[in-house]
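> Next one to model:
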Amino acid sequence: MVSSEEIVLGDLPAGIVRADEAVAGRVWNVLGHTYITKAESASTYSWLSLDPAGTGVPPHVHPTQDEFIYVFDGVYTLYLDGQWTSAGPGDLVQMPKGIPHAYYNKQDEAAKSLFWVSPGGQLANLFSLLHNVTDPAEVVRLSALNGVDFLPEGAVEGA
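Numbering: from 1, shown residues only. Prediction:
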């Protein structure tokens, strides 16, 4: 198990984070999703995302981070590079920095995936701040302060 004492931003500790563990106990409820931290350093940040049916993250941009999704279970409806598409089990989604993107689980069953960003940036801090926040305006405000910019409502058709 990797403990909070072992995490030094900038260094990725050697070791195994077991399937039932979260790095430093970092587990958050963000917009109805459960995010479980799996790796954290200056160069990368990853989390297991458990996405109930009917949840999603509206169009947003990471100006300084590339983001990836490896889908384990379910099908995600994605907005990426100006188009709507989908990804299912075994697919890897690549979302380059500066490109607006969104993802939704529009299926009747939960979805599960591994997300990661590079570099790590302030995403872990953002998730900590967003834990259990239900006011969309507050989510947008806190995100903008931590390196994630949401597009205005209605900016993407179908979102």
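> Look up which residues are beta-bridged to the residue nearest to the spatial centre of the chain.
Closest to where the C-alpha atoms of the chain average out (Cα atoms, centre = their mean) is residue 115, at 5.6 Å. On the basis of DSSP bridges, residue 115 is bridged to residue 47, residue 69.
> pLDDT of the longest helix along the chain, averaged?
Identified as the longest helix of the chain according to DSSP state H is helix 136-145. Average pLDDT, helix 136-145: 95.
> ok, residues contacting that helix?
31, 60, 126, 129-130, 133, 149-150 (Cβ atoms under 8 Å, 6 or more residues apart in numbering). For every residue, glycine as well, the C-beta is placed using N, CA and C.
> name the helices or strands packed onto whichever helix or strand comes after that helix?
Sequence order places strand 149-150 as the next helix or strand after helix 136-145, per DSSP states H and E. Strand 149-150 sits against strand 56-61, helix 136-145, with contacts defined as 3 or more Cβ pairs under 8 Å, 6 or more residues apart in numbering; DSSP states H and E.
> List the contacts of strand 149-150.
Residues contacting strand 149-150 (Cβ under 8 Å, 6+ apart): 58-61, 63, 139-140, 143-144.
> just to revisit the earlier point, redo the helices and strands packed on strand 149-150 as JSON lines? Include distance to residue 69 and mean neighbour count.
Formatted as JSON lines, the helices and strands packed on strand 149-150 follow (distance: least, Cβ to Cβ, whole Å; neighbours: other Cβ atoms under 10 Å):
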{"stretch": "strand 56-61", "distance to residue 69": "11", "mean neighbour count": "19"}
{"stretch": "helix 136-145", "distance to residue 69": "18", "mean neighbour count": "14"}
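> between the ones you listed, which gets nearest to residue 155?
strand 56-61 (6.4 Å; Cβ to Cβ).
> And the helices in this protein?
Taking DSSP H as the criterion, the chain carries its helices at 123-130, 136-145.
> Surely residue 111 and residue 70 touch.
No. Using Cβ atoms under 8 Å, residue 111 makes no contact with residue 70, being 11.9 Å away.
> When the two are compared, which one has more neighbours?
residue 111 (26 against 15; other Cβ atoms under 10 Å).
> dump the residue contacts of the more buried one.
Contacts of residue 111 (Cβ under 8 Å, 6+ apart): 50-51, 71, 73-76, 105.
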